[in-house]
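> please find the sequence and the predicted model below.
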4 protein chains.
Amino acid sequence: MSQSEALQNRFEKIRSNKVFELFVVGIIIFSAVMIGARTYDVPDSVSRVVFFLDWFITIFFLCEITIRFLGEKNKKDFFKQAWNIFDTVIVIVSLVPVEDSELAIVGRLIRIFRVLRMVSIIPELRMLLNSLIKALPRLGYVALLMFIIFYIYAAIGATFFSEINPSLWGDIALSLLTLFRVMTFEDWTDVMYETMEVYGYSWFYYLTFIFFTAFAFLNMIIGIVVNVLEEEHQEQSRLDGEPTMAEVYQELQELKALLKQQNPQTESIPKE
Amino acid sequence: MSQSEALQNRFEKIRSNKVFELFVVGIIIFSAVMIGARTYDVPDSVSRVVFFLDWFITIFFLCEITIRFLGEKNKKDFFKQAWNIFDTVIVIVSLVPVEDSELAIVGRLIRIFRVLRMVSIIPELRMLLNSLIKALPRLGYVALLMFIIFYIYAAIGATFFSEINPSLWGDIALSLLTLFRVMTFEDWTDVMYETMEVYGYSWFYYLTFIFFTAFAFLNMIIGIVVNVLEEEHQEQSRLDGEPTMAEVYQELQELKALLKQQNPQTESIPKE
Amino acid sequence: MSQSEALQNRFEKIRSNKVFELFVVGIIIFSAVMIGARTYDVPDSVSRVVFFLDWFITIFFLCEITIRFLGEKNKKDFFKQAWNIFDTVIVIVSLVPVEDSELAIVGRLIRIFRVLRMVSIIPELRMLLNSLIKALPRLGYVALLMFIIFYIYAAIGATFFSEINPSLWGDIALSLLTLFRVMTFEDWTDVMYETMEVYGYSWFYYLTFIFFTAFAFLNMIIGIVVNVLEEEHQEQSRLDGEPTMAEVYQELQELKALLKQQNPQTESIPKE
Amino acid sequence: MSQSEALQNRFEKIRSNKVFELFVVGIIIFSAVMIGARTYDVPDSVSRVVFFLDWFITIFFLCEITIRFLGEKNKKDFFKQAWNIFDTVIVIVSLVPVEDSELAIVGRLIRIFRVLRMVSIIPELRMLLNSLIKALPRLGYVALLMFIIFYIYAAIGATFFSEINPSLWGDIALSLLTLFRVMTFEDWTDVMYETMEVYGYSWFYYLTFIFFTAFAFLNMIIGIVVNVLEEEHQEQSRLDGEPTMAEVYQELQELKALLKQQNPQTESIPKE
């Protein structure tokens, strides 16, 4: 099996080769540019070239994934990383030949998602995304509270305003969308003036909603900032190897004990 | 009375039972889904099922509140918690049978507010809301200052622009609403261009208003951030049991005194 | 002159009386409510009552200012406080009887500005406003930089787009207003689409402008937050009487010197 | 060469003269005002005066740059500063006489950019701009991630919505512009309602896009704030000459060693 091992070593080398990585990044950018180019009206000849280039990219990505897979010592570890699974799925699905209109759209979407491979290739982007995902749970309860506010207001809106403008307040799903629109301040006064003609005091509904969401949003941001600063603070003091106040205090206590030990008589009755 | 005590213990156990809590949360979510479902046009048969399910929820909540109440050792303590009062009112009011159109709306509103029981059940949400309410007084004076700015601008607007567009500037209440709209940047230039046709320099009115409110708003946010950070800082140092700088200093002073005591001659005239 | 002194003491007492202050605040709120009431269409009888109440308020404020002035020990100090000057001007100008249409507006404006007396009466608001004004100079250079960005873009806009839409880009003043509108994102795409019909690449103009202003704005906010936090930090450590790290270090050095002094032989050659 | 040296000294003196600097700032402001004046319709006579004043400013700036250049000891150092190159290019290009329509616009643009010389003259603005430019690389990866999000959404938009509204989603460039518009919340619901008529679930596309960009944006801001605070913190502790916790700890260790040295017997077996 020494030949197979030699092969794997070679694959591992290719895989961690900087030039190979840059080349892959280049191909991804090229595939992204081609996706962009396809959205323009292009003559048939160009379209055919694009078609062949697309197959070249697909096959290149297949080779690249194969190299990565073969370069992995323990084959099981390969699928333990979410990004590897993502890459494999994208490559395999884009291999399926799609011609008829329905699936053609899926094929095009898969080709678009190939741009996301940029994130899986560049480690800095991968780290950034991981840290973003880590930040999500923090938002959990505030998001739940915000959803409750949204839901209650949407239920009230769908109950009272559904006959005024069914396209905005027809059911609870539409009301939720309309409230999201109000939260982004997008023509919210048009929505309000319309209901104010029937319910003169409905401005109260909109203003309280805006205050509640703005307030919850503000608290969410402040919460995140405080959390981030705290984590940074703790991490930094750990990284610096900087002794904590408690350690200094401990040290002082020991010094005091040492001093008292040396002159035990001074301990009980201080004399001049 | 041992039988009654045994009963209370049982209620207390049910009350603090995790499964019971989850079941209540489930029923609240179910009631929220039903409120949403009602906003769609549903056939009569479904409507009747919803009606009976609604009564089931109402009675379930009545039982739950009763269990909570009986599970409380000191009955008076039960009504000392604002959330318990809120829950009881919601449950009792939803018991009143409402059929005629006027009160039916109140009944529906009460059913919508049942979603808020989610906050009263989940401790994390209750804590979050309490901390939000605690943050309110901080905003007090800035809110007052902002209201004074709004009021003065609204009075000026209602005085000068009321004849240009009575629906926007007709009286001080409408002017306040219009200014709130301007603050959210919602089609504010339409409002401005209209008055600029009569008063060419009215852009000054809008720009100063935007600057004042933006500035006051910015200061409010910064004030909150600073407050929150300070509180966090103090709380953290207390929680960690980390000695303060003052304590370390105090310790050092004591050490010095100890040293001087041991060799009193070194105190007055330092000799080599 | 003991009679005059006794009078002054009495005025001083009235002035610092809490009930008197609350009464003045009450009258200011009452005058604010009346300003609001005047913006509604009111019957003639009410209008006449309002007229007399207005004179009552004017005279009350005159008395109040007189009491404040007489209650001041050193008369010159009275006019050293900006708020006192503001109050006096507001009161004196509102004394001038205005009937003809031109000046009537000035009279109404003065009455509106009486609401600002709230700030001059309530110390917390006065402090808040002072701290806001103190924060202004910090913004100085960023504001200048922002104005330069605005001016250059306005000059470019007025040069290229003035013939496309003279009401938006006619001259540099209009262009500045239009750019402010773009900065608030208020229908900015309408402005852009209009010029893009003539200059296809004018989206570059708008996007760079939005990026520059957003970036400058972001830096302004961050600068303020950092400044405020620093100031808070310094002030807090001073207020707490918390010793600084430098003081602790100093103390340690002294301790060391003391120790070495006691056993001078250990200083040069450490022996066991 | 003493005469040449004397001349250079004189130029150096002029260059660092505060009055000279203020005069240059004055001329720049004057040129900015003239650029503004030109955007108004002015009578021919004024136009001719402006033309001559413009030549005066151009020649003044030429002299000023020459003085600066001659005042520099090492001529090569002059072009090492980016701002000097900027100034020289602006001055030289505005010397070229432009009359025909095409180049006249370039000439006017150059005159507008003369306002930027304000930044090159006032050191505080130069520093501010440098610090802004320094802050840019921090945004690098988040900006890249944001661009990937934009590009993927634009590709999807151009694929599915191009037939619904070609002026908004016709190709990937237009889609990118439309998405930027959606991010600024500018009439985004109009864009959404249009596509929702064909694809009922396209609200999902807009809402996820808004969430992703808002989330990435939020993280970018928090990242900057944390970075800035850290830098400030480090810089401050360095500037204050404040000893670090580690130094205090080190000092304590030395004290302990000193104490143990003095009474070596206490080291191993602590006795009372």
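Received, thanks.

> number of residues surrounding the residue in the stretch 1-150 of chain A that chain B sits nearest to?
The stretch 1-150 of chain A approaches chain B most closely through residue A:141 (5.2 Å), counting by Cβ to the nearest Cβ. (Glycine included, C-beta is placed from N, CA and C.) By the criterion of other Cβ atoms under 10 Å in any protein chain shown, residue A:141 has 17 neighbours.

> over to residue A:137?
Residue A:137, neighbours per other Cβ under 10 Å, totals 9.

> how about residue A:6?
For residue A:6, the count of nearby residues is 10 (other Cβ under 10 Å).

> do residue A:159 as well
Neighbour tally, residue A:159, other Cβ under 10 Å: 19.

> give me the element it is part of.
Per DSSP states H and E, residue A:159 falls inside helix A:123-160.

> quick check: what element follows that helix along the chain?
Downstream of helix A:123-160, the first helix or strand assigned by DSSP H and E is helix A:166-169.

> now do the SS call for residue A:201.
At residue A:201 the chain is in coil, as set by DSSP: H, G, I helix; E, B strand; the rest coil.

> measure residue A:9 to chain C for me?
48 Å (Cβ to the nearest Cβ, to the nearest Å).

> who's in contact with that residue?
The contact partners of residue A:9, taken as Cβ atoms under 8 Å, 6 or more residues apart in numbering or on different chains, number zero.

> what's the pLDDT at it?
With respect to pLDDT, residue A:9 scores 79.

> what's the answer for residue A:270, then?
On the pLDDT scale, residue A:270 is placed at 46.

> on that earlier part again, briefly note if the helix holding residue A:159 comes near chain D.
Yes. Applying Cβ under 8 Å from any Cβ of the partner chain, one finds helix A:123-160 touching chain D at A:124, A:125, A:128, A:129, A:131, A:132, A:135.

> next one: stretch A:18-26
No. If you take Cβ under 8 Å from any Cβ as the test, stretch A:18-26 misses chain D, and the best it gets is 11.5 Å.

> so for that stretch, mean pLDDT?
Across stretch A:18-26, pLDDT averages out at 86.

> and if you look at stretch A:49-65?
86.

> check the offset of it from the chain's centre.
Distance of stretch A:49-65 from the chain centroid (Cα atoms, centre = their mean, to the nearest Å) equals 28 Å.

> for stretch A:120-129, same thing?
Mean-position distance between stretch A:120-129 and its chain equals 11 Å (Cα atoms, centre = their mean).

> likewise stretch A:170-178?
The chain centre lies 27 Å from the centre of stretch A:170-178; the measure is Cα atoms, centre = their mean.

> what does it rub up against?
A:150-151, A:153-155, A:157-158, A:161-162, A:167-169, A:191, B:35-36, B:39-40, D:203.

> next one: stretch A:106-126
A:21, A:24-25, A:28-29, A:31-32, A:35, A:38, A:54, A:57, A:61, A:83-84, A:86-87, A:90, A:93-94, A:96, A:98, A:129, D:141, D:144-145, D:148, D:151-152, D:155-156, D:159.

> now do that stretch, average pLDDT.
Stretch A:106-126 comes out with an average pLDDT of 83.

> need the nearest residue in space to residue A:175, chain neighbours excluded.
Distances taken as Cβ to Cβ, 6 or more residues apart in numbering or on different chains put residue A:154 closest to residue A:175, at 3.8 Å, once the chain neighbours are dropped.

> and that neighbour, what pLDDT?
We have a pLDDT of 94 for residue A:154.

> returning to that earlier point: from the contacts of stretch A:106-126, which would you call buried?
The neighbour count (16 or more other Cβ atoms under 10 Å in any protein chain shown) marks A:24, A:28, A:31-32, A:35, A:38, A:54, A:57, A:61, A:84, A:87, A:90, A:94, A:129, D:141, D:144-145, D:148, D:151-152, D:155-156, D:159 as buried among the contacts of stretch A:106-126.

> what angle sits between the helix or strand hosting residue A:26 and helix D:123-160?
Assigned by DSSP H and E, residue A:26 belongs to helix A:18-38. With axes from the mean of the first three to the mean of the last three Cα atoms, to 10 degrees applied, the angle from helix A:18-38 to helix D:123-160 works out at 60 degrees.

> so how far is the helix holding residue A:159 from its chain's centroid?
Centroid separation for helix A:123-160 versus its chain: 13 Å, with Cα atoms, centre = their mean.

> could you do stretch A:54-66 as well?
Counting by Cα atoms, centre = their mean, stretch A:54-66 comes out at 27 Å from the chain centroid.

> ok and the residue in the stretch 51-200 of chain A nearest chain C?
Counting by Cβ to the nearest Cβ, the stretch 51-200 of chain A gets nearest to chain C through residue A:185 (9.4 Å).

> so which residues on the stretch 101-250 of chain A come close to chain B?
A:141-142, A:144-145, A:148, A:151-152, A:154-156, A:158-160, A:162, A:170-172, A:175, A:185-189, A:203, A:207, A:210, A:215-216, A:218-219, A:222, A:225-226, A:229-230, A:244-246, A:248-249.

> tell me who's in contact with the residue of the stretch 1-150 of chain A closest to chain B.
Taking Cβ under 8 Å, 6+ apart, we find residue A:141 in contact with B:124, B:125, B:128.

> retrieve the pLDDT associated with it.
82.

> and it, how close does it get to residue B:224?
Separation of residue A:141 from residue B:224 (Cβ to Cβ, to the nearest Å): 19 Å.

> got it, and residue A:62?
54 Å.

> do residue A:146 as well
Between residue A:146 and residue B:224 the distance is 18 Å, computed by Cβ to Cβ.

> worst mean pLDDT across the helices and strands of chain A, which element?
Here the helix or strand of chain A ranked lowest by mean pLDDT, DSSP states H and E is helix A:265-268, holding a mean of 46.

> domain-wise, how is chain A divided?
Domain ranges of chain A: A:3-121, A:126-260, per automatic domain parsing.

> tell me which of those domains sits most buried.
Comparing the domains of chain A by mean neighbour count (mean count of other Cβ atoms under 10 Å in any protein chain shown), domain A:126-260 comes out on top with a mean of 17.

> now that domain, how far from the chain's geometric center?
17 Å.

> do the same with stretch A:54-73
26 Å.

> so is it next to chain D?
No. Applying Cβ under 8 Å from any Cβ, one finds stretch A:54-73 separated from chain D by no less than 13.8 Å.

> restricting to C-alpha, output that stretch in CSV.
Taking Å, rounded to 0.1, in the frame of the first residue of the first chain, the C-alpha atoms of stretch A:54-73 are listed here in CSV:
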residue,chain,number,x,y,z
ASP,A,54,-19.4,26.0,-17.1
TRP,A,55,-18.7,22.3,-17.6
PHE,A,56,-15.0,23.0,-17.3
ILE,A,57,-15.6,24.7,-13.9
THR,A,58,-17.9,21.9,-12.7
ILE,A,59,-15.3,19.3,-13.6
PHE,A,60,-12.5,21.3,-12.1
PHE,A,61,-14.5,21.6,-8.8
LEU,A,62,-15.1,17.8,-8.9
CYS,A,63,-11.3,17.2,-9.3
GLU,A,64,-10.6,19.7,-6.5
ILE,A,65,-13.1,18.0,-4.1
THR,A,66,-11.6,14.6,-5.0
ILE,A,67,-8.1,15.8,-4.2
ARG,A,68,-9.3,17.3,-0.9
PHE,A,69,-11.0,14.0,-0.1
LEU,A,70,-8.1,11.8,-1.0
GLY,A,71,-5.7,14.1,0.7
GLU,A,72,-7.6,13.6,4.0
LYS,A,73,-5.9,10.9,6.1
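
> alright, I will stop here.
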